[in-house]
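Asker: Would you be able to build a 3D model of this:
(2 chains)
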Amino acid sequence: MKSLLKLKFLQLRNSLARGEKKKFILFVLLGLFFTLVLGFFFNQIFGYLAQVQEFPHVFKVFLAEKLLMMIYMTLFSMLLLSALLTALDVFFISRDLHFLFSTPMPVRSAFAWKMLETTAYSSAMVVFFSLPVLFFYCRWFAPGAGQVMQVLLAFLLFIACGVLTGILLGLIIPAFFSVRRLQPVLSVFSIILISFIIVFMRLLRPERFLEPSEIDNVLRYMGSLDLKVFYYFPFAWLSRAMSLVADGRNAPYWKTIGLFVLLAASLLALVFWLRGKIYLQLFDKLNRGGKGYYKSRWRPSRLKNDYQPLLRKEGKTFLRTPAQWSQLLIVGALVAVFVINMKMIPMPHQSIKNFVSYLNLVMAVFIVSGLNSRFTFTSIPNEGPGQAHIFGSPYPRVKFFRFKLLFHLLPLLFVGFVLYGLGDLALHFDGFTRLIALVFLPPAIIFLTVLSLELGIETNETNPISPEHVIVSKQGISYMLWSMIYLVGGMLFLVRPVGVYYWHRYTRGTVPYAEIIAWFTGFLLVNFALIAHYYRKGRRLWLAREL
Amino acid sequence: MLEITGLRKKFGKREALKDVTFSLAPGEIYGLLGPNGAGKTTTLKVLAGLLAPDGGSVVIDGEPYHREHHELKRKIAYVPDQPFLYYKLSGEEHLNFYQDLYKIPYAKRKEKIDFFFKYFEFEEYRTELVENYSAGTRQKLLIAQALAVEPKLLLLDEPLVSIDPLVGKKFKKYLIEVAGKGTAVLFATHILTLAQEICRRIGIIVDGRIIVQGGLEQLMSLAGQSSLEEFYFQTVLQHEKPAEA
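Answerer: Numbering: from 1, shown residues only, chains lettered A, B, ... in the order given. From the prediction side, this is the model:
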């Protein structure tokens, strides 16, 4: 075990020494930034709850408990799914397993090591998100050193229960299903669950929570969270334990901890029992390999153009990689929330509607920009070393480049207009707003797609990269920065013609269409120049690319 | 078929190819031998169009070659030294994709694809995703893919790594057959017995330069050696001595 810990340490040290230090520091700084933002948010919420004069202390603690339950319900789902997916990977697919089993190390030690790995990988995100919640809860409700220790103990047991449940399921499931087939399905399932939680949280209308003067709203909101079934889950135990600490009720607190310990010990015993009974047999079964998976064939297509082979290849590989397309479900959930918001915003006056329609355009482009950073930016590296076959073939490189651009651009244009259209359907914008959409959306989406593709090529990566790469690479940060500058710049550029139009309509004067057209033309020309510049730069880099 | 003159390639400050000059006639199997890092893979990558040369010239079928010369590239197929493939395609889909890139009509390809799955004994993996293949099966797919487009110039970089001896034997037989039909084969390998078995001519590349080349038998008799292995060691060690001194 010591040797394996040392190995991990050496791997980390070598990766830092290899020049990944900057990325590491950047990653840590970003993490700190998010922690600070979350911290600020939770400090405000818990501070408000603790200080509001109208409520008695018991009610404040009760409200905080419900809020904690909502947070930990989400985090527990994340923890459970993450532990399950990680366990399937770490215990059955991980490449070092063959090496570990070929050494004189006892299987129980290797297993224990894999449990530690699963715990570290699957709980890191939940711990990271929880730190500001725990810190500011303790600040306002449980400030004593003993109370902090009690909260931490409950939290650690919560993590242990979540991870052990994930590992247990990870050891049982492969007895019935193939791990290689199951893992992508579970990934999709987890994404669907997260999407569902996003929509669920929105449908609860948390804005009611921000109007505490209307106590009925708050109670109704809390009531929708108060399902009896929740009390069988560790997230409800954790929030209960934390509120018992805040109330200073030690006896029921230790009862809750006893429940936690009992569950964790039972899960641990079951995991070790399964290790002895079935783990190695399942590992052997998996490594005997399996037959059949996808059985589609490559039949002649009616589409007879040069892009057809790449389109087929791209379509098949995209659909068969759930990690790629399943994230679109989260985007779908966000769009649903966006539309719900549109429906719920009060629109007492047409001018507010016009303002919202303008913001809606920006929001649509912002979402497209996010999609670009996830899909277009990573598309060239995600081709992997397999692209050597295309580069080595007679297929023209320029067409490969154009295809990559069109493959992302056309769906993104569609997404952009659908997002705008959904807002229009909900609020019935006026004709001028629709004209602005036609002027603003196409060049903005084309520019952002061309920019992300060019920067993706500039990374010069020939191995697939993860989405995190976007926030730690120079090119990824450049993309985010430039896309935001573009978005704000574009908005400001169009403020003048939009303002002129609505002002003249409001004052019933003659609308200066010539001026408006001049502004629109200027916008299109600037965009044309930007698109041409980045398209040519990307093409040049692409043609010079070596593998 | 292929004439390379003074080919140069730099990676930063390191000169991977300093002066590579050799030629291949149609139907010839040329073995490119040399120690690790000598420039074998770089030479093949330049010819496959994956790398752009910094100097020198390449002429294929009498025409100057560059990596955007699509008509000439239609005559070339390349088997890389590592089985890089699109793992989310099945073997059959991968072969069809490659045939599409070479614009080979559907009518012509089915028989050929059937033949290679049977010949290299991996028919049962035909519709299986490449990600489930063993290293040897991936290598078979790469070889089948290159042979199925019927190239005039075949570039092979360590093609028999991970391949079982029975299929390896079939591959050698097939290679000699296609060479007999006029395909020139450039073959980079470390397996000297293999080179001795199938290559008509060899070139030894050391430190980015071809230091010796010619007919196999002629070279060995000139050096007074009875096997390619002994000849190779003598030549490479002689060349490396001044550097060591």
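
Asker: drop to CA atoms for contacts and neighbour counts, all remaining ones
Answerer: Fine.

Asker: who in chain B is up against chain A?
Answerer: B:48-52, B:68-74, B:76-78, B:84-86, B:88-90, B:92-93, B:96-98, B:100-102, B:106, B:127-129, B:132 (Cα under 8 Å from any Cα of the partner chain).

Asker: Show the buried residues in those.
Answerer: Taking 16 or more other Cα atoms under 10 Å in any protein chain shown as the criterion, what is buried in the residues of chain B next to chain A is B:48-52, B:68, B:70, B:72-74, B:76-78, B:84-86, B:88-90, B:92-93, B:96-98, B:100-102, B:127-129, B:132.

Asker: Restricted to helices, list the residues of chain B next to chain A.
Answerer: B:48, B:70-73, B:92-93, B:96-98, B:100-101, B:106 (DSSP state H).

Asker: Which strands or helices does the lowest-mean-pLDDT helix or strand in chain B pack on?
Answerer: Lowest by mean pLDDT, DSSP states H and E among the helices and strands of chain B is helix B:228-244, with a mean of 74. Where contact means 3 or more Cα pairs under 8 Å, 6 or more residues apart in numbering or on different chains; DSSP states H and E, helix B:228-244 is packed against helix B:192-198, strand B:201-206, helix B:216-223.

Asker: For it, list the C-alpha coordinates in CSV.
Answerer: Below are the C-alpha coordinates for helix B:228-244, written out as CSV (Å, rounded to 0.1, in the frame of the first residue of the first chain):
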residue,chain,number,x,y,z
LEU,B,228,21.8,-10.0,-42.7
GLU,B,229,22.0,-9.9,-38.9
GLU,B,230,25.8,-10.0,-38.9
PHE,B,231,26.0,-7.5,-41.8
TYR,B,232,23.7,-5.1,-40.0
PHE,B,233,25.6,-5.2,-36.7
GLN,B,234,28.9,-4.7,-38.4
THR,B,235,27.6,-1.8,-40.5
VAL,B,236,25.8,0.0,-37.7
LEU,B,237,28.6,-0.5,-35.1
GLN,B,238,31.2,0.8,-37.6
HIS,B,239,29.2,3.9,-38.2
GLU,B,240,28.5,4.5,-34.5
LYS,B,241,32.2,4.1,-33.4
PRO,B,242,33.4,7.6,-34.4
ALA,B,243,30.6,9.1,-32.5
GLU,B,244,31.4,7.1,-29.4
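
Asker: the inter-axis angle of that helix versus helix B:216-223?
Answerer: For helix B:228-244 against helix B:216-223, the angle by axes from the mean of the first three to the mean of the last three Cα atoms, to 10 degrees is 60 degrees.

Asker: tell me the secondary structure for the residue nearest in space to the middle of chain B?
Answerer: Using Cα atoms, centre = their mean, the residue of chain B that lies closest to the mean C-alpha position is B:Leu156, 1.7 Å off. Secondary structure for B:Leu156, judged by DSSP: H, G, I helix; E, B strand; the rest coil, is strand.

Asker: what residue ranges in the stretch 301-450 of chain A score low on pLDDT?
Answerer: A:301-304, A:341-351 (pLDDT under 70).

Asker: what about the helices in it?
Answerer: With DSSP state H, counting those that start in this stretch as the criterion, the stretch 301-450 of chain A has helices at A:308-319, A:322-325, A:327-344, A:350-371, A:377-382, A:388-391, A:397-427, A:431-458.

Asker: Would you mind finding the most buried of these?
Answerer: Greatest average neighbour count among these goes to helix A:377-382 (a mean of 24), per mean count of other Cα atoms under 10 Å in any protein chain shown.

Asker: Quick check: which helices or strands does that helix pack against?
Answerer: Other helices and strands packing on helix A:377-382, by 3+ Cα pairs under 8 Å, 6+ apart, are helix A:431-458.

Asker: What is the helix it packs on packed up against?
Answerer: Packing contacts for helix A:431-458, counted by 3+ Cα pairs under 8 Å, 6+ apart, involve helix A:350-371, helix A:377-382, helix A:397-427, helix A:474-506, helix A:513-544.

Asker: of the ones you listed, which approaches A:Ser109 most closely?
Answerer: Closest of these to A:Ser109 is helix A:377-382, at 36.1 Å (criterion: Cα to Cα).

Asker: Quick check, B:Pro35 in contact with B:Val206.
Answerer: Yes - at 6.7 Å, B:Pro35 counts as touching B:Val206 under the criterion of Cα atoms under 8 Å.
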